[in-house]
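Novice: Here is my input; please provide its structure:
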Amino acid sequence: MATQPALPTEEDVLEALRSVDDPEVGINIVDLGLVCGVDLNAQRVRVELTMTSPACPMGDLICDQARRAVTALFPVGYPVDVELVWEPFWTPDRMSESAKQTLGWPE
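Specialist: Modelled structure (predicted):
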């Protein structure tokens, strides 16, 4: 009996999402704090993203790039859902320390 290969982990998904930059600031969406959650199970993976503002014109582009990055980790046909959410609202507190330093935010 053949065994199924292990699915990627949440950490693998986050690492793939680090390849997606917000084109307006040039920082990846994980360090920028745009990833609100990753829900991964045997049936599907769901990624929740937010934007720095509801008026952000890059939302669709970022979601599409995130979907492609995550889909590349999984077997063909594995359901990958990337959803844009507005709660919790994004604040600079969500950024990594390196992102804050890059943007010149006070510590």
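
Novice: wait, doesn't S19 sit right on N28?
Specialist: Yes - contact status for S19 versus N28: in contact at 7.0 Å, counting by CB atoms under 8 Å. No exception for glycine: its C-beta is placed from N, CA and C like everyone else's.

Novice: So for those two, which sits in the more crowded spot?
Specialist: Of the pair S19 and N28, N28 is the one with more neighbours under other CB atoms under 10 Å, namely 19 against 14.

Novice: M51 versus the residue nearest to that one when sequence neighbours are not counted, what's the distance?
Specialist: Sequence neighbours aside, R18 is the residue nearest to N28 in space, at 4.6 Å (criterion: CB to CB, 6 or more residues apart in numbering). Using CB to CB, to the nearest Å, R18 is found at 17 Å from M51.

Novice: Among these two, which residue is more densely surrounded?
Specialist: The neighbour comparison of R18 against M51 (other CB under 10 Å) goes to M51, with 21 against 13.

Novice: What does the pLDDT read for the residue nearest to that one when sequence neighbours are not counted?
Specialist: What sits nearest to M51 in space, not counting adjacent residues and going by CB to CB, 6+ apart, is G59, at 5.1 Å. At G59, the model reports a pLDDT of 93.
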